[in-house]
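Chemist: can't give you the sequence, but here's the structure:
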């Protein structure tokens with residue numbers, strides 16, 4: 001059912017309406033559409049802003065995270081005043097200020113295995129702005145069961161990708177490209193490798209454009225195609241994708257009949273609430289107070305391994321911690337002591353959780369993630385330590 005545009009809306013969207021391919025009817029489709037943006041970060045920010053400006057009638061924002069200072073380099077939904085608050089709060093405020101004619105719905109619990117299919121079913125298009133593999137696989141699988149198109153985007157350093165995975169169009173899905181996620185710690189995220197802020201603007205804007213094309217049925221969406229962008233060379237390439245006849249999700253021989261939470265437990269929610277305690281004296285995760293107690297009371301039995309990059313140590317560091325950047329963990333794993341409790345530290349606790357899981361998969365028992373990372377350490381243990 002189309003939304004009849006008011007005179008104010010007709011004036012606001014006049015440059016869309018002047019396009020013969022869109023016109024009033026296309027703009028009414030946008031005003032009636034519901035789009036869910038997963039992640040109010042580097043990709044979700046430009047995507048949501050352009051969708052709001054375009055007049056998409058209902059925009060959902062799903063994110064469980066809070067705004068941190070390092071987000072502001074690329075996450076344009078947020079500003080200095082929103083540091084520390086939930087991202088969905090500042091996102092809703094910014095989007096409503098951008099366009100008072102739209103409805104913005106916050107989903108502060110984020111996307112979880114338990115709510116994904118039901119949540120996606122309430123929207124017409126899903127825009128994936130997440131930055132970890134577990135969430136990407138969950139989003140891909142959930143749109144398959146919800147029968148909704150997914151606009152995928154990713155960024156890494158100076159490179160970005162965009163594609164449309166549409167289960168209603170018999171095309172490939174994300175698992176057709178990557179049947180299984182890489183092993184924990186083998187691929188660094190932007191928190192370890194860095195990312196050019198303006199690159200997020202390019203890829204997020206392309207995601208918004210693909211969503212608009214899907215809604216208005218204008219042009220050819222990137223179904224069955226992967227668009228890649230090299231910012232350093234200023235070059236685009238388009239690769240044709242084929243459905244995998246052995247895909248574990250979308251093929252006739254599918255081995256994934258439903259969303260099973262254990263399949264996505266690595267990174268679909270904040271580490272502090274998603275990681276269960278291990279049934280041993282070495283929990284999967286400890287807070288910074290417990291990490292300090294373990295180190296101070298038994299330094300011969302506990303060691304802090306800092307998996308951040310060297311440039312991060314120039315900003316702040318925990319005295320006595322051993323530096324092994326995340327990307328070097330696999331080559332150093334065999335030399336790590338198995339008779340000590342390894343306490344893994346990073347900036348916010350996410351990289352270190354991945355390293356902890358990787359080491360446990362390698363047979364290490366006495367290894368725990370330090371929840372909240374050095375950011376929590378600075379706030380709770382050493383208040384004078386610089387934050388970044």
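Modeler: Received it, and whenever you're ready, just let me know what you need. As the structure is a computational prediction, the values presented were derived from the model and not from experiment.
Chemist: residue 175 belongs to a strand, doesn't it?
Modeler: No - in this structure, residue 175 is helix, not part of a strand, as judged by DSSP: H, G, I helix; E, B strand; the rest coil.
Chemist: what pLDDT does the residue nearest to residue 298 when sequence neighbours are not counted get?
Modeler: Once flanking residues are discounted, residue 298 sits nearest to residue 341: 8.0 Å by C-beta to C-beta, 6 or more residues apart in numbering. Heads up, the C-betas are built off the backbone N, CA and C, glycines and all. Per-residue pLDDT puts residue 341 at 94.
Chemist: over to residue 341: give its phi and psi.
Modeler: The phi/psi pair for residue 341 (degrees, to the nearest 10) reads phi -80, psi 110.
Chemist: so what pairs up with it in the strands?
Modeler: residue 302 (DSSP bridges).
Chemist: and it, how far from residue 286?
Modeler: Residue 341 sits 9 Å away from residue 286, taking C-beta to C-beta, to the nearest Å as the criterion.
Chemist: shared neighbours, these two?
Modeler: By C-beta atoms under 8 Å, 6 or more residues apart in numbering, residue 341 and residue 286 have these common neighbours: 294, 368.
Chemist: before we move on, the earlier item: number of nearby residues for the residue nearest to residue 298?
Modeler: 20 (other C-beta atoms under 10 Å).
Chemist: show me the residue at the heart of the protein, geometrically.
Modeler: residue 130 (1.9 Å; C-alpha atoms, centre = their mean).
Chemist: ok, and the closest non-adjacent residue to that residue?
Modeler: Nearest non-adjacent residue to residue 130 (C-beta to C-beta, 6+ apart): residue 39, at 4.7 Å.
Chemist: wait, what's in contact with the one you found?
Modeler: 62, 63, 128, 129, 130, 131, 135.
Chemist: the last one: which element?
Modeler: When secondary structure is defined using DSSP states H and E, the element that contains residue 135 is helix 133-146.
Chemist: residues contacting that helix, please?
Modeler: With C-beta under 8 Å, 6+ apart as the criterion, helix 133-146 contacts 38-39, 111, 113, 116-117, 119-121, 126, 128, 130, 149-150, 152, 154, 165, 167, 173-175, 181-182, 187, 249-250, 256, 258-259, 263-268.
Chemist: pull out the buried residues from these.
Modeler: 38-39, 111, 113, 116-117, 119-120, 126, 128, 130, 149-150, 152, 154, 165, 167, 173-175, 181, 187, 249-250, 256, 259, 263-268 (16 or more other C-beta atoms under 10 Å).
Chemist: now, these that are in helices?
Modeler: 116, 117, 119, 120, 174, 175 (DSSP state H).
Chemist: do I have it right that residue 214 meets residue 150?
Modeler: No - the criterion here is C-beta atoms under 8 Å, and residue 214 misses it with residue 150 at 10.1 Å.
Chemist: which residues are in contact with each of these two?
Modeler: In contact with both residue 214 and residue 150: 164, 166, using C-beta under 8 Å, 6+ apart.
Chemist: shouldn't residue 65 be in contact with residue 87?
Modeler: Yes - judged on C-beta under 8 Å, residue 65 makes contact with residue 87 at a distance of 5.2 Å.
Chemist: neighbour-wise, which of the two wins?
Modeler: Legend: neighbour count by other C-beta under 10 Å for residue 65 and residue 87, higher for residue 87 (28 against 19).
Chemist: where are the low-confidence patches of the stretch 1-150 of the chain?
Modeler: The model of the stretch 1-150 of the chain has pLDDT under 70 over residues 1-2.
Chemist: quick one, domains of this protein?
Modeler: What automatic domain parsing lists as the domains of the chain is 33-264, 271-380.
Chemist: now find how far off-centre the helix ranked longest in the chain is within its chain.
Modeler: In the chain, with assignment by DSSP H, the single longest helix is helix 197-216. Taking the mean of its C-alpha atoms, helix 197-216 sits 16 Å from the chain's own mean (C-alpha atoms, centre = their mean, to the nearest Å).
Chemist: and stretch 58-69, by the same measure?
Modeler: The answer for stretch 58-69 is 10 Å, by C-alpha atoms, centre = their mean.
Chemist: show the end-to-end separation of stretch 58-74, please.
Modeler: Length of stretch 58-74, first residue to last, C-alpha to C-alpha, to the nearest Å: 24 Å.
Chemist: got the buried residues for it?
Modeler: In terms of neighbour count (16+ other C-beta under 10 Å), stretch 58-74 has its buried residues at 58-68, 71, 74.
Chemist: try stretch 39-54
Modeler: 39-54.
Chemist: can you give me the end-to-end distance of stretch 356-376?
Modeler: 18 Å.
Chemist: kindly apply the preceding question to stretch 213-225 instead.
Modeler: By C-alpha to C-alpha, one end of stretch 213-225 lies 15 Å from the other end.
Chemist: ditto for stretch 11-29
Modeler: Note: stretch 11-29 ends 16 Å apart using C-alpha to C-alpha.
Chemist: hey, where'd the strands end up in the stretch 251-388 of the chain?
Modeler: 285-286, 302-306, 322-323, 341-345, 367-370 (DSSP state E, counting those that start in this stretch).
Chemist: what about the residue nearest to residue 166 when sequence neighbours are not counted, distance to residue 108?
Modeler: Among residues not flanking residue 166 along the chain, residue 149 sits closest, at 4.0 Å (C-beta to C-beta, 6+ apart). Distance from residue 149 to residue 108, counting by C-beta to C-beta: 24 Å.
Chemist: got it, and residue 24?
Modeler: 35 Å.
Chemist: sort out which residues of stretch 102-116 are buried, please.
Modeler: Buried residues in stretch 102-116 (16+ other C-beta under 10 Å): 102, 104, 106, 107, 110, 111, 112, 113, 116.
Chemist: picking that back up, need the residues touching each of residue 65 and residue 87.
Modeler: Contacts common to residue 65 and residue 87, judged by C-beta under 8 Å, 6+ apart, are 40, 41.
Chemist: what's the neighbour count on residue 298?
Modeler: Neighbours of residue 298 using other C-beta under 10 Å come to 11.
Chemist: cool, thanks, signing off.
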